[in-house]
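Peer 1: based on what follows, work out the 3D shape:
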Amino acid sequence: SMFHDHDGPFMADMDVADQYFQQLCAWIKETVCEDKALPGLLQRQQAYILKHLTSENASIVQRIRQIHFSPWTIEGGDSASLVAKFWALYHACEDNAIAEFNSTANVKAFEVPLARLMEYKSLLEETKWESIIVVLSAVRSLLESQIKIIIQKHQQFSWRNWYRKQNKQSWTRKDDEAPSWTLFSPIDWANIYSSILLVANDRYVCTRMGKEKIMLENLFQKSLECFFSITQHFNSLDKTDEQEKKLPRITSFRKTLGLGSNKNPRDESAEPATVPFHSADGCPCLERCLDGYYSLRTGEFVPRYPTTYTCVISIQPPSHLKDPTHFGHVASVYRNLLASVAAPSRRCIPERSYID
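Peer 2: Numbers count the residues shown, from 1 in each chain. Presented below is the predicted three-dimensional model:
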C-alpha cells in the first residue's frame, strides 16, 4: 500500500501521501483505464484517511470537509459520524494543549485547538451540522481551563523561594531561558491576570463571566500588593530597630495573596528572610528595579537596571491580542466569537461556568 512504509506504520505526513495519491490517480487515468477505476480507488483512499485521522494531523477539518462533499459514500462518512470524529480528535488536541501549558507555561500551546475550532466553525456555517454555540462553549471551556491552571500555579507560588533563587544568581538570567511557572514574579502574575482582563470590560463578556472577572481583578491587585510588601520587607532590613518597629511586619505573603498561610513550623518558607539584596547590575534594592523611562523614539520602556528588571518582569505582553503568545489571546478569541454570535441575534446564549 502506498500509505505504508516497509515497517508498516501509517505515514505521518498525510498531506504528502495525498499528493502522491493524486499523482497516481492522474497516471492511472492517462495510461491505464482512463477514469473507470478511479471512483473505487478514491473511495478506498478517503475511507482509509478517515479511519487513520489523529489529533496530530494539521488538516483534520479539511479532510472531514472533503469526505462530506465527496460524491462517494463511505463507511463512517455520514454527518453524525463526522461530527463525532471531529470532537474526539479535538478533545485529544485540547488535552495535549492543556497538559503542555500546565507543565511549561507556554500559552502558545492553545493556538492549535483554537485553530481547529475556528476551522470547524467555518465548516458548520457550510453544513449546518450543529449550532455555532457548540464552538463558543468549547472556546469558553478552553479559557476556563487556562484560568484554572494559572490560579492553581499561583497557589503554589512561594515568594521566598523565588527571591532566594534570583538573589543567589545575583538577579541575572540566561538569554535563552524561557519563562516558566517557577520564574514568575508577583508582577508577572499581575501581568498575566491583567492580560486576560483586557477584554473583561466588554459587555458580552461581563454579562457571562462577571464572577471570573471579579476574581481575576482581586488576584491582580493582591499580586501587586505582594510585590510592594516584599520590597517594604527587605527595605526594612536596612532600618534601625526603632525605624523597623514603625513599619508593618510581613510574616506571610501567602496570607497577603489570600492563598492561605503556612502552618508547618518546619516549613522553610515560614522563616523570616534576612538575605541582603544583591544584584549584578548595581540595582540598590528590589523596589528600584522598576526605575527607567519611555523612549520617545520607540515608545518602549527602557529600564535603568535591565538585568534585574528582566528577572522581576519576565513576561512582556505582545502588542496585540491576536498574538498566540499573549496570555489574553484565548480570552480575545472568546470575546470576538461571543460578539459575532450574540450581536446579530440579540439572544441569550446558554453557557455554564466550569470554574469552582
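
Peer 1: which regions of this structure lie under the pLDDT threshold?
Peer 2: For the chain, residues meeting the criterion pLDDT under 70 lie at 1-43, 45-46, 49, 71-77, 234-275, 343-356.

Peer 1: swap the cut-off to 80 and go again
Peer 2: 1-59, 70-77, 175-179, 232-276, 342-356 (pLDDT under 80).

Peer 1: strands along this structure, start to end?
Peer 2: 292-294, 301-303 (DSSP state E).

Peer 1: report the buried residues of the last one.
Peer 2: It refers to strand 301-303. Across strand 301-303, burial judged by 16 or more other C-beta atoms under 10 Å covers Pro303. For glycine as for every other residue, the C-beta is placed from the backbone atoms N, C-alpha and C.

Peer 1: mind giving me the packing neighbours of that strand?
Peer 2: The contact analysis (3 or more C-beta pairs under 8 Å, 6 or more residues apart in numbering; DSSP states H and E) places strand 301-303 against strand 292-294.

Peer 1: what's the strand it packs on in contact with?
Peer 2: Applying C-beta atoms under 8 Å, 6 or more residues apart in numbering, the external contacts of strand 292-294 come out as 300-304, 309.

Peer 1: pipe these into TSV and attach distance to Val205 per row.
Peer 2: Listed next are the contacts of strand 292-294 as TSV, based on distance: C-beta to C-beta, whole Å:
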residue	distance to Val205
Glu300	29
Phe301	28
Val302	34
Pro303	33
Arg304	37
Tyr309	32
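
Peer 1: farthest-apart pair in those, please.
Peer 2: Spatially, the most separated pair among the contacts of strand 292-294 is Glu300 and Arg304, at 13.9 Å (C-beta to C-beta).

Peer 1: skipping adjacent residues, who's closest to Asp82 in space?
Peer 2: Not Asp; residue 82 is Leu. Excluding the flanking residues, the one nearest Leu82 by C-beta to C-beta, 6 or more residues apart in numbering is Ile64, at 5.1 Å.

Peer 1: isn't the one you found right up against Lys85?
Peer 2: Yes: at 6.8 Å, Ile64 counts as touching Lys85 under the criterion of C-beta atoms under 8 Å.

Peer 1: the two: which has the busier surroundings?
Peer 2: Ile64 (26 against 19; other C-beta atoms under 10 Å).

Peer 1: which stretches in the stretch 101-250 of the chain count as helices?
Peer 2: 111-127, 133-155, 159-168, 186-197, 203-208, 210-235, 241-245 (DSSP state H, counting those that start in this stretch).

Peer 1: quickly compare those helices and say which is most buried.
Peer 2: helix 186-197 (a mean of 22; mean count of other C-beta atoms under 10 Å).

Peer 1: turn the strands of the chain into a markdown table, columns for distance to Ile133.
Peer 2: A markdown table is the format used below for these (distance: least, C-beta to C-beta, whole Å):
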| stretch | distance to Ile133 |
| --- | --- |
| strand 292-294 | 44 |
| strand 301-303 | 42 |
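
Peer 1: which other residues reach stretch 314-327?
Peer 2: In contact with stretch 314-327 (C-beta under 8 Å, 6+ apart) are residues 107-108, 110-111, 114, 173, 179, 183-185, 188, 191-192, 195-196, 198-199, 328-329, 331-332.

Peer 1: tell me the contacts of the closest residue to Ser185 other than its chain neighbours?
Peer 2: Counting by C-beta to C-beta, 6+ apart, the nearest residue to Ser185 once its immediate chain neighbours are dropped is Val312, at 5.0 Å. The contact partners of Val312, by C-beta under 8 Å, 6+ apart, come to 185, 187-188, 286, 289-290.

Peer 1: and the furthest pair within these?
Peer 2: Pairwise across those, and taking C-beta to C-beta, the largest span is found between Asp188 and Leu286, at 14.0 Å.

Peer 1: among the helices of the stretch 101-250 of the chain, which comes closest to Asp281?
Peer 2: helix 159-168 (12.7 Å).

Peer 1: got the angle for that closest one vs helix 210-235?
Peer 2: Helix 159-168 runs at 50 degrees relative to helix 210-235, counting by axes from the mean of the first three to the mean of the last three C-alpha atoms, to 10 degrees.

Peer 1: for helix 159-168, packing partners?
Peer 2: So helix 159-168, by 3+ C-beta pairs under 8 Å, 6+ apart, packs with helix 210-235.

Peer 1: helices or strands next to the helix it packs on in the packing?
Peer 2: Using 3+ C-beta pairs under 8 Å, 6+ apart, the elements in contact with helix 210-235 are helix 133-155, helix 159-168, helix 186-197, helix 253-256.

Peer 1: now the angle from it to helix 186-197?
Peer 2: Computed by the same axes, to 10 degrees, the angle between helix 210-235 and helix 186-197 is 160 degrees.

Peer 1: run the angle between helix 210-235 and helix 133-155 for me.
Peer 2: 20 degrees.

Peer 1: re earlier: can you tell me which of the contacts of strand 292-294 is nearest Phe228?
Peer 2: Distances from Phe228 to the contacts of strand 292-294, taken by C-beta to C-beta, are shortest for Tyr309, at 16.0 Å.
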